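Asker: kindly return the folded structure for what I paste below:
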Amino acid sequence: MYDPKSLKAEEFISHEEILETLDYAEQNKNNVELIDQIIAKARELKGLTHREASVLLACDIPEKIKELYDLAEEIKKKFYGTRIVMFAPLYLSNYCVNGCTYCPYHLKNKHIARKKLTQEELAREVVALQDMGHKRLALEAGEDPVNNPIEYILECINTIYSIKHKNGAIRRVNVNIAATTVENYRKLKDAGIGTYILFQETYHKESYESLHPTGPKHNYAYHTEAMDRAMEGGIDDVGIGVLFGLERYKYEFAGLLMHAEHLEAVHGVGPHTISVPRIKSADDIDPNAFSNGISDDIFAKLCALIRVCVPYTGMIVSTRESQSVREKVIRLGVSQISGGSRTSVGGYEEEVRPTDTEQFDVSDQRTLDEVVHWLMDLGYIPSFCTACYREGRTGDRFMSLCKSGQIQNCCQPNALMTLKEYLMDYASEDTRKVGEALIAAELNNIPKEKVRLICEDHLEKIEAGIRDFRF
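Answerer: Numbers count the residues shown, from 1 in each chain. Got it, this is the predicted structure:
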């Protein structure tokens, strides 16, 4: 029985409901009257249901797809302007007891080099990331109760926040670790994490259990219900996602939106972020072995639809994707991207990119400076802002500001000030010139004159060497 308010995985992610939804979408994919009604509803900026969204996904009428893309771009600009938040993943350990068939960290992989960072090694990684200019990290670790217990993760978070190098500081640590208990989520909350991120991988229960044949991750319900335990443990912001390519994309898309609807129905707050990774090559993993891969065009359509259906959520695309793909989906709705990423344990300290412990091949291998320059050339503002998290604007407080549009009075100046910090401390000379011109132009887009004047004053003080202003 489908019930978005249920706390049981198979009820808020109902297999039967998804199948009925996909059948309904197939029957109505050319129903122009219905499609127009759904698009009109989307223009109200209150989102769409999984069933309405599935109709748009099934639709292949060119003019309607263009209308969808134009709307996605419009909604993206309304909620996020031209800002793109920057982050980097940081891999702590690739020890893992699970048997996931799509990940090289699986237990049976005996030839991959296993590594776990000591606190001293972690400190060097953090300094390297700070020297690049990063302020926001996403911690990654395999599931291993012996090598990667919660105490180790907490110690790592404490180490990261404690390191201040030159003008560098990591101001927000998001955490992407295995599903755990309410008690452990409380510990993560107390440690000061930003967003707790966990990918469902696939919402298809039978496929999920087949793809995770051994290890604690095999338990579909425990994994799928993790976000409810995280919120019960006091974590305000959670991030969801699927690994596209494991199952049929239309099934996954419906499940993803149902999960967002469930969080809104039960907790009053939908996902803070939605990630859209695609399966990629890595060590002993061949993506061609999975029969549900999706094209770049389908990937772009999914991104556009997520923006239209869940307009308030942050959308994340990593360096799994190429420069050209990232450029396309940023326009259609993506609001966060990684830059200069290394997906190996201890990779940032190395001058040459190591590949022996990578979780997946990195398609976009440009430096952070190159990515920042590229974004500005495209007219975007690379933002290193972490203000909302540190000002307590999380969970329902963040969502209410976001949905009302009031968040714009904070986001634009914060983006410009953190970009200014980056330009002063880390950017190449050419990147700095481009950035200074961008800041001068974008100051005019701050809605309130009083805020703009304060921002201009803060920018002058940043030029003089003072750091960390925020609204």
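Asker: pLDDT at residue 291, what is it?
Answerer: At residue 291, the model reports a pLDDT of 85.
Asker: try residue 314
Answerer: The predicted local confidence for residue 314 is 96.
Asker: what does the one 5 residues further on give?
Answerer: The per-residue pLDDT reported for residue 319 equals 87.
Asker: for it, what are phi and psi?
Answerer: Note on residue 319: its backbone torsions stand at phi -80, psi 10 [degrees, to the nearest 10].
Asker: what are the buried residues along the helix or strand harbouring residue 254?
Answerer: Element membership of residue 254 [criterion: DSSP states H and E] is helix 249-267. By neighbour count on 16 or more other Cβ atoms under 10 Å, the buried set for helix 249-267 is 249-264, 266-267. C-betas here are computed from N, CA, C, even on glycine.
Asker: pretty sure residue 17 sits against residue 261.
Answerer: No - the pair residue 17 / residue 261 is not scored as a contact, 10.8 Å apart, by Cβ atoms under 8 Å.
Asker: nearest the geometric middle of the protein, what residue?
Answerer: Ranked by distance to the mean C-alpha position of the chain (Cα atoms, centre = their mean), the top residue is residue 316 at 3.3 Å.
Asker: note down every partner strand of the strand or helix carrying that one and its orientation.
Answerer: Per DSSP H and E: residue 316 is located in strand 314-317. The strands beside strand 314-317 in its sheet (DSSP bridges) come out as strand 273-275 (parallel), strand 336-338 (parallel).
Asker: got CSV for those, with distance to residue 53, mean pLDDT and mean neighbour count too?
Answerer: Output for these, formatted as CSV (distance: least, Cβ to Cβ, whole Å; pLDDT from 0 to 100; neighbours: other Cβ atoms under 10 Å):
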stretch, distance to residue 53, mean pLDDT, mean neighbour count
strand 273-275, 13, 98, 23
strand 336-338, 21, 97, 24
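Asker: quick one, what contacts the closest residue to residue 12 other than its chain neighbours?
Answerer: Of all residues not flanking residue 12 in the chain, residue 262 sits nearest, at 4.0 Å (Cβ to Cβ, 6 or more residues apart in numbering). Residue 262 is in contact with 4-6, 12-13, counting by Cβ atoms under 8 Å, 6 or more residues apart in numbering.
Asker: just residue 160 next, same as before
Answerer: 90, 122, 126, 137, 139, 170, 173.
Asker: got it, and residue 31?
Answerer: Residues in contact with residue 31, defined by Cβ under 8 Å, 6+ apart, are residue 55.
Asker: please report how far it lies from residue 69.
Answerer: For residue 31, the distance to residue 69 (Cβ to Cβ, to the nearest Å) stands at 20 Å.
Asker: run a quick neighbour tally on the residue lying closest to residue 444 once chain neighbours are set aside.
Answerer: Spatial nearest neighbour of residue 444, excluding adjacent residues (Cβ to Cβ, 6+ apart): residue 452 at 7.9 Å. Using other Cβ atoms under 10 Å, residue 452 has 17 other residues around it.
Asker: look up how far residue 167 lies from the residue nearest to residue 133 when sequence neighbours are not counted.
Answerer: Residue nearest to residue 133 in three dimensions, not counting chain neighbours: residue 426, with 3.6 Å by Cβ to Cβ, 6+ apart. Distance of residue 426 to residue 167, computed by Cβ to Cβ: 9 Å.
Asker: which of those two has more neighbours?
Answerer: Per other Cβ under 10 Å, whichever of residue 426 and residue 167 has more neighbours is residue 426, with 21 against 16.
Asker: ok, that one touching residue 373?
Answerer: No - in this structure, residue 426 is not within contact of residue 373 by Cβ under 8 Å, at 11.9 Å.
Asker: hmm, back to that, want to try JSON lines for the contacts of residue 160, with pLDDT, distance to residue 349 and neighbour count as columns?
Answerer: As requested, the contacts of residue 160 are exported to JSON lines (pLDDT from 0 to 100; distance: Cβ to Cβ, whole Å; neighbours: other Cβ atoms under 10 Å):
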{"residue": "90", "pLDDT": "98", "distance to residue 349": "11", "neighbour count": "30"}
{"residue": "122", "pLDDT": "98", "distance to residue 349": "10", "neighbour count": "21"}
{"residue": "126", "pLDDT": "98", "distance to residue 349": "10", "neighbour count": "26"}
{"residue": "137", "pLDDT": "98", "distance to residue 349": "15", "neighbour count": "23"}
{"residue": "139", "pLDDT": "98", "distance to residue 349": "16", "neighbour count": "20"}
{"residue": "170", "pLDDT": "98", "distance to residue 349": "15", "neighbour count": "23"}
{"residue": "173", "pLDDT": "98", "distance to residue 349": "18", "neighbour count": "23"}
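Asker: which of the residues you listed fall within helices?
Answerer: Among the contacts of residue 160, the members found in helices (DSSP state H) are 122, 126.
Asker: could you redo the contacts of residue 160 as TSV and give each row distance to residue 35?
Answerer: Shown next, in TSV, are the contacts of residue 160 (distance: Cβ to Cβ, whole Å):
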residue	distance to residue 35
90	43
122	51
126	49
137	41
139	42
170	45
173	42
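Asker: which other helices and strands does the lengthiest strand in the chain contact?
Answerer: Longest strand in the chain by number of residues (criterion: DSSP state E): strand 83-93. Where contact means 3 or more Cβ pairs under 8 Å, 6 or more residues apart in numbering; DSSP states H and E, strand 83-93 is packed against helix 119-132, strand 136-141, helix 150-162, strand 336-338, helix 368-377, strand 381-383, helix 408-425.
Asker: next one: the strand holding residue 316 to chain centre, how far?
Answerer: Here the centre of strand 314-317 is set off from its chain's centre by 4 Å, with Cα atoms, centre = their mean, to the nearest Å.
Asker: so residue 163 versus residue 123, what's the distance?
Answerer: From residue 163 to residue 123 the distance is 6 Å (Cβ to Cβ).
Asker: quick one: least confident helix or strand in this structure?
Answerer: Lowest mean confidence among the helices and strands of the chain (mean pLDDT, DSSP states H and E): helix 395-404, at a mean of 77.
Asker: now it and helix 249-267, what's the angle there?
Answerer: Using axes from the mean of the first three to the mean of the last three Cα atoms, to 10 degrees, the inter-axis angle of helix 395-404 relative to helix 249-267 is 110 degrees.
Asker: quick one: residues in contact with helix 395-404.
Answerer: Taking Cβ under 8 Å, 6+ apart as the rule, helix 395-404 contacts 45, 79, 236-237, 268-270, 272, 312, 388, 393, 407, 410.
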